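> okay, structure incoming, though there's no sequence with it:
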């Protein structure tokens, strides 16, 4: 049975229900700039495309592992668990883990929700994950059972003039919601910021029209007499001198005609500043540092590294947590949650330059909380054999625990007194008499 056949075979029961996704219909509509912004039209904006691509590729490129708790503490990769291969390598036969996560993260950033079909075998084990289009999914609550359900539009029913829908349970859908009002369904960031994106699109259209007309507004052709066919003169002038490709041509005026250009107003000349502001506004929506979308005006060599670390901490980490918790909630059973956990590895993004890393490793090595193999694993180097000391944890020999330091001092003091007594015993005469009196 194919994936779509499996979807169509799901329970088509339609009970009395309440659609949670219908609560967000107020988010859509024309913008103040007169533009209708959709998720797909927003991606035609370079700033939106860049922000979405940065975050989607960042989530897709992070190592994702399933770990098992060890009895003596610590953790190990659960490579023998079936979910490990699905998340790390291949969630389904049609795509890699990178493409799967990149697709779902794109949905999450544009529509505010990411959905994937969870395919299980007869034992309830997850054997496949397939992305679902968020614009075809609706989330509702059954008023009879009070439980959530998902309805997905699978195909167009020509006789009925509508999409065929199937109903899925929360156990059958991996749902990663974005920021929302009810904690169940996320709202679209594009819809929430549609005015800012619409203004950016209008600014781009204005700029395109501005340069299409030779980067100058229209002018006035003055004739001393009466023109019989003014439209012909206008079209002839526009065809010869209009447009950016015809700029700087030499005009020849006949019959005493005179051309008077209309000057550019300061407000019109500032459209580039407006466009730059809107690009930063879009970056602010996705919480992307401006230098990552090509705006280096206020960036320097010293603060770019700090901005990149802040990107990982304040932008990427919240998305990572959403993913980890959604995967754990849906794909692990109650028993497995006590033994396993899912974790993205973001340590690689937090690493500094080579010198800083080496200095940090040296401190960790000398203070005994990292072995040589721990360091080599972070640097993607082969492990040193255990017999050669690769797993040894070393400490500086001059460092002692505080209680031992006190005992050491007391021992030294006792040794000094004993040495002094021995010295007095070896001295004859007056010292011996003195010791007898004592």
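Yes, it's here. It should be emphasised that the depicted structure is a prediction, and the values quoted were computed from it without experimental measurement.
> now stretch 42-49: average pLDDT?
Averaging pLDDT along stretch 42-49 yields 90.
> buried residues, that stretch. List them.
Buried residues in stretch 42-49, counted by 16 or more other Cβ atoms under 10 Å: 42, 45, 47, 48. (Glycine included, C-beta is placed from N, CA and C.)
> beta partners for the closest residue to residue 81 other than its chain neighbours?
Counting by Cβ to Cβ, 6 or more residues apart in numbering, residue 81 lies nearest to residue 66, which is 5.5 Å off, once chain neighbours are set aside. Beta-bridge pairing of residue 66 under DSSP bridges involves residue 342.
> and residue 66, how many neighbours?
Neighbour count of residue 66, defined by other Cβ atoms under 10 Å: 25.
> again, but for residue 205
The local packing of residue 205 (other Cβ under 10 Å) involves 12 other residues.
> in the host helix or strand of it, which residues are buried?
For residue 205, the host element (DSSP states H and E) is helix 194-212. Residues 194, 196, 197, 198, 199, 200, 201, 202, 203, 204, 210 are the ones in helix 194-212 that count as buried (16+ other Cβ under 10 Å).
> ok, stretch 122-129 next?
Neighbour-count burial for stretch 122-129, with 16+ other Cβ under 10 Å as criterion, is recorded at 126, 128, 129.
> re the thing from before, ok, so of the buried residues of helix 194-212, who is nearest residue 88?
Distance from residue 88 was checked for each of these by Cβ to Cβ. The minimum falls on residue 197, at 35.3 Å.
> and the helix or strand hosting residue 357, what does it pack against?
With the criterion set as DSSP H and E, the secondary-structure element containing residue 357 is helix 354-366. With contacts defined as 3 or more Cβ pairs under 8 Å, 6 or more residues apart in numbering; DSSP states H and E, the secondary structure elements packing on helix 354-366 are helix 372-378.
> name the helices or strands packed onto the helix it packs on?
Applying 3+ Cβ pairs under 8 Å, 6+ apart, one finds that helix 372-378 contacts helix 354-366.
> with secondary structure added, can I get the buried residues of stretch 42-49 in JSON lines?
Formatted as JSON lines, these follow (DSSP: H, G, I helix; E, B strand; the rest coil):
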{"residue": "42", "secondary structure": "helix"}
{"residue": "45", "secondary structure": "coil"}
{"residue": "47", "secondary structure": "helix"}
{"residue": "48", "secondary structure": "helix"}
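> now those residues in a markdown table, with distance to residue 89?
Putting these into a markdown table (distance: Cβ to Cβ, whole Å) gives the following:
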| residue | distance to residue 89 |
| --- | --- |
| 42 | 32 |
| 45 | 34 |
| 47 | 33 |
| 48 | 31 |
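> now the strands: where do they sit in the stretch 251-400 of the chain?
258-261, 340-344 (DSSP state E, counting those that start in this stretch).
> any idea which of the ones you listed scores lowest on pLDDT?
Least confidently modelled of these is strand 258-261, at a mean of 68 by mean pLDDT.
> follow-up on the earlier one: farthest-apart pair in the buried residues of stretch 42-49, please.
With Cβ to Cβ as the measure, no two of the buried residues of stretch 42-49 lie farther apart than 42 and 47, at 9.6 Å.
> list the contacts of the host helix or strand of residue 104.
Here residue 104 is covered by helix 97-111, with elements defined by DSSP H and E. Applying Cβ atoms under 8 Å, 6 or more residues apart in numbering, the external contacts of helix 97-111 come out as 39, 42-43, 51-52, 55-57, 59-61, 64, 86-92, 95, 113-116, 129, 131, 133-135, 176, 178, 186, 188-190, 286, 319, 323.
> now do it against strand 340-344, angle only.
An angle of 80 degrees separates the directions of helix 97-111 and strand 340-344 when computed by axes from the mean of the first three to the mean of the last three Cα atoms, to 10 degrees.
> pLDDT of helix 97-111, averaged?
Taken as a whole, helix 97-111 has an average pLDDT of 97.
> after that helix, which helix or strand is next?
Going C-terminal from helix 97-111, and assigning secondary structure by DSSP H and E, you next hit strand 113-120.
> now the element after that following strand, going C-ward?
For strand 113-120, the succeeding helix or strand toward the C-terminus, using DSSP H and E, is strand 126-132.
> run the angle between that following strand and helix 97-111 for me.
Counting by the same axes, to 10 degrees, strand 126-132 lies at 40 degrees to helix 97-111.
> doesn't residue 187 make contact with residue 178?
Yes. The pair residue 178 and residue 187 qualifies as a contact (Cβ atoms under 8 Å) at a distance of 7.2 Å.
> joint contacts of those two?
Here residue 178 and residue 187 have residue 112 as joint contacts, going by Cβ under 8 Å, 6+ apart.
> could you check the angle the helix holding residue 104 makes with strand 113-120?
For helix 97-111 against strand 113-120, the angle by the same axes, to 10 degrees is 140 degrees.
> coming back round to it: and the helix holding residue 357, what's buried?
For helix 354-366, a neighbour-count test (16+ other Cβ under 10 Å) marks 361, 365 as buried.
> name the residues that touch that helix?
Where contact means Cβ under 8 Å, 6+ apart, the residues beyond helix 354-366 that reach it are 351, 352, 370, 371, 372, 374, 375, 379, 394, 395, 396.
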